[in-house]
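J.: Build me a model:
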Amino acid sequence: MIGIVDYGMGNLFSVSKALERLGADYVISADKDQLLAADGLILPGVGSFRDAMERLPVDTIQEFAATGKPLLGICLGMQLLFENSEENGPTKGLGLLPGSVRRFPGRTSEGESYKVPHMGWNRLEFVSESPLLKDLQEDYVYFVHSYYVNAENSEVLLAKADYHEQVSAVVGRDNVMGMQFHPEKSSKLGMALLANFLNMVEERKAVR
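T.: Purely as a prediction, here's the structure:
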């Protein structure tokens, strides 16, 4: 059973439909007991970092992460896993991964302007081995974001993409993982990444 955290700011429909296509059981919930009982947790997110942190069941997510069961943040949900964000003023995050969230400056070091938000298909470049990337090939995934993670600890960076800055596209340490793009909207590679997350959940259940 996969728990999808409902805090009023996630794209719950597309995430749940992707899980249905993969044959996974899930529950969309804001209830602490239901979420903590899940075998794996997905933290989706669309909107402002500060607004999300005000609505988020912080203690529940941190308690779930401490169990060792797999936790996956998607888009804003990934950014929330980090220490802080500069969006709408400095805001503290969940602190489950080291690093900060910054806005794309919209201008290169040479002074050339570029579009913000970053919206469209960009190719992933794998940089570290992880069960999340097992047996996958680098391909394009779909991004929509104005802020990106500056992963100060390179050990958490699993895959990157380029949009005038190095974008931390897939991150992870132990059981806590994130994807800056929308895997549920990213064709074959996105669905394969979600399938690998589900495999990690099943493997964790088998050894409990």
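J.: lowest-pLDDT helix or strand in the protein?
T.: Counting by mean pLDDT, DSSP states H and E, the weakest-scoring helix or strand in the chain turns out to be strand 147-150, with a mean of 91.
J.: Give me the residues contacting that strand.
T.: Residues outside strand 147-150 that contact it (Cβ atoms under 8 Å, 6 or more residues apart in numbering): 49, 78-79, 82, 85-87, 99-104, 118, 163, 165, 167-168, 171, 180. Placement of C-beta: from N, CA and C, glycine included.
J.: For that strand, list every residue counted as buried.
T.: 147-149 (16 or more other Cβ atoms under 10 Å).
J.: and what of stretch 25-38?
T.: Within stretch 25-38, the residues that count as buried by 16+ other Cβ under 10 Å are 26, 28, 35, 38.
J.: for the protein, which strand is longest?
T.: Taking DSSP state E as the assignment, the strand of the chain that covers the most residues is strand 166-173.
J.: Helix or strand next in line after that one, which one?
T.: Where DSSP states H and E defines the elements, the next helix or strand beyond strand 166-173 is strand 176-179.
J.: Against which helices or strands is that next one packed?
T.: In terms of contacts (3 or more Cβ pairs under 8 Å, 6 or more residues apart in numbering; DSSP states H and E), strand 176-179 is packed against strand 71-74, helix 76-79, strand 166-173.
J.: just to revisit the earlier point, mean confidence (pLDDT) on the longest strand of the chain, please.
T.: For strand 166-173, the mean per-residue pLDDT is 95.
J.: Just the C-alphas of it, formatted as CSV.
T.: C-alpha atoms of strand 166-173 as CSV (Å, rounded to 0.1, in the frame of the first residue of the first chain):
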residue,chain,number,x,y,z
GLN,A,166,22.7,22.2,-13.2
VAL,A,167,19.3,20.9,-12.1
SER,A,168,19.2,18.2,-9.4
ALA,A,169,16.7,16.0,-11.2
VAL,A,170,16.8,12.8,-9.1
VAL,A,171,18.1,12.7,-5.6
GLY,A,172,18.2,10.2,-2.9
ARG,A,173,19.9,9.0,0.3
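J.: Direction included, what does that strand pair up with?
T.: strand 157-162 (antiparallel), strand 176-179 (antiparallel) (DSSP bridges).
J.: Can you give the contact residues for the last one?
T.: Residues lying outside strand 176-179 but in contact with it, judged by Cβ under 8 Å, 6+ apart, are 65, 70-75, 77-79, 81, 96-97, 130, 132, 141, 158, 169-172, 193, 197.
J.: quick one: contacts for residue 35?
T.: Counting by Cβ under 8 Å, 6+ apart, residue 35 touches 3, 5, 29, 41, 57, 60-61, 64.
J.: element containing the closest residue to it other than its chain neighbours, please.
T.: Once flanking residues are discounted, residue 35 sits nearest to residue 3: 4.5 Å by Cβ to Cβ, 6 or more residues apart in numbering. Applying DSSP H and E as the criterion places residue 3 in strand 2-5.
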